[in-house]
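# 3D, please:
(one chain, ligands or ions: 3)
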Amino acid sequence: MIKTMNCTRCKTKAVLKLPRHNAAFCKDCFNSFIHDQVHKAIRSQEMFAKNDHLLVAVSGGKDSLALWNILLKLGYKTDALYVNLGIGDYSESSQEKVVHFSETVAVGYGAALHVHTVERHEGAGIRELAMMAHRPTCSTCGTIKRYQFNHAAIQHGYDVMATGHNLDDEAARLLGNVLHWQHEYLEKQGPSLPASVDGFAKKVKPLYRLTERELAAYCVLNKIDYVVEECPMAPGARTLLYKEVLNRLETESPGTKQMFYWGFLEKSRPAGTPTTIMEKDRSALHPCSLCSQPTTAEICSYCRLMARAKTSTAR
Ligand code: AMP
Ligand code: FES
Ligand code: ZN
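Ligands and ions are numbered 1, 2, ... in the order given. Got it, this is the predicted structure:
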């Protein structure tokens, strides 16, 4: 016989069990739980204030669409940016989901959607650009996305740029950084990165307290239609392996992921102080000689990438 679960908060029938919190929730209490976790993240990491104007990078996947919805519901002025990477059907269906959410939900809050189309602005989709520049597709994609996220935030005058990275993403990244003792990355890994110099927007990850499974459930329960398939370029096999390992540990011992990542934040930054930019990093930054975005080199990685792609076409 299947035992029915009751909601830990209101005692009505629960729809979801959360072993890591030793709890079960009905739909309304689950939504409150999700909103509370995001609110806690924003406050404890000093991400932004009530009257800040936010830009959220929305990919069409569950995490970032959930994030846009949550921020709007919590009363933050939040517009979105979608970057169409030119990966055939995958990019087209992702854009459809983002546009659908924007036109059916976000518009009711007066929120706007910006779309950056890589084929139009950079001249080709990321697969072609990667081939022309002789670089792996995922790192080409990462360089373009990081650049365009920051560019849009600065150009349109947003106070903060938010992404949908969740607890699984951050714990997997931490595991990779620890396994390889990447000191420099560990210093900078955190859910709130201040704007170090003019030309760099503040970057935040308000979903770092929530798991992939919880965000998928949030979308399903709230009828948020998202792209289920992953990018066909497949994210790094390493990241997937780290996520698998962490999921196995989580099944055996619920709460492991949060203990690992939140523990790192507490120990490395006592009293919840947000990540600070080291003076050495700040002083190493200056405007790119081609586009003026801050960089530690003469020419930023985006402009170098675009120059390599152009040289290859010219040959
Ligand atoms: P990923 O690196 O694909 O796991 O994505 C991490 C976060 O980056 C997502 O939650 C989004 O906030 C953002 N993002 C990824 N791809 C896009 C895209 N094509 N357009 C806008 N934002 C994106
Ligand atoms: Fe960038 Fe797939 S999303 S390569
Ligand atoms: Zn540049």
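
# what does this protein put close to ligand 3?
Counting by C-beta under 5 Å from the ion, the chain comes close to ligand 3 at Cys288, Leu290, Cys291, Cys300, Cys303. Yep, even glycine has a C-beta here, placed from its N, CA and C like the rest.

# Pipe the residues you listed into CSV and attach neighbour count and secondary structure per row.
Below are the residues of the chain next to ligand 3 laid out as CSV (neighbours: other C-beta atoms under 10 Å; DSSP: H, G, I helix; E, B strand; the rest coil):
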residue, neighbour count, secondary structure
Cys288, 19, coil
Leu290, 15, coil
Cys291, 15, coil
Cys300, 21, coil
Cys303, 19, helix
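
# Alpha carbons only: can I get the helix or strand encompassing Thr78 in PDB?
Using DSSP states H and E, Thr78 maps to strand 77-84. What follows is strand 77-84, C-alpha atoms only, in PDB (Å, rounded to 0.1, in the frame of the first residue of the first chain):
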ATOM      1  CA  LYS A  77      11.800  44.800 -11.900                       C
ATOM      2  CA  THR A  78      13.300  42.100 -14.100                       C
ATOM      3  CA  ASP A  79      13.800  42.100 -17.900                       C
ATOM      4  CA  ALA A  80      15.400  39.200 -19.800                       C
ATOM      5  CA  LEU A  81      18.000  38.500 -22.400                       C
ATOM      6  CA  TYR A  82      17.900  35.500 -24.700                       C
ATOM      7  CA  VAL A  83      21.000  34.700 -26.800                       C
ATOM      8  CA  ASN A  84      20.100  32.800 -30.000                       C
END
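
# Indicate whether it makes contact with ligand 1.
Yes - applying C-beta under 6 Å from any ligand atom, one finds strand 77-84 in contact with ligand 1 at Leu81, Tyr82, Val83.

# Next: stretch 210-218.
No - residues of stretch 210-218 are not located near ligand 1 by C-beta under 6 Å from any ligand atom, the shortest gap being 9.6 Å.

# Return the alpha-carbon coordinates of that stretch using CSV.
In CSV, the C-alpha atoms belonging to stretch 210-218 read as follows (Å, rounded to 0.1, in the frame of the first residue of the first chain):
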residue,chain,number,x,y,z
LEU,A,210,17.8,25.1,-5.1
THR,A,211,18.4,21.8,-7.0
GLU,A,212,17.7,20.9,-10.6
ARG,A,213,14.9,18.6,-9.5
GLU,A,214,13.2,21.3,-7.4
LEU,A,215,13.3,23.8,-10.3
ALA,A,216,11.9,21.2,-12.7
ALA,A,217,9.1,20.5,-10.3
TYR,A,218,8.5,24.3,-9.9
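
# Which residues does that stretch contact?
16, 18, 20, 30-31, 34, 37-38, 62-63, 66, 70, 164, 166-168, 207, 224, 257 (C-beta atoms under 8 Å, 6 or more residues apart in numbering).

# make it 7 Å
Residues outside stretch 210-218 that contact it (C-beta atoms under 7 Å, 6 or more residues apart in numbering): Leu16, Ile34, Gln37, Lys62, Asp63, Ala66, Asn166, Leu167, Asp168, Leu207, Lys257.
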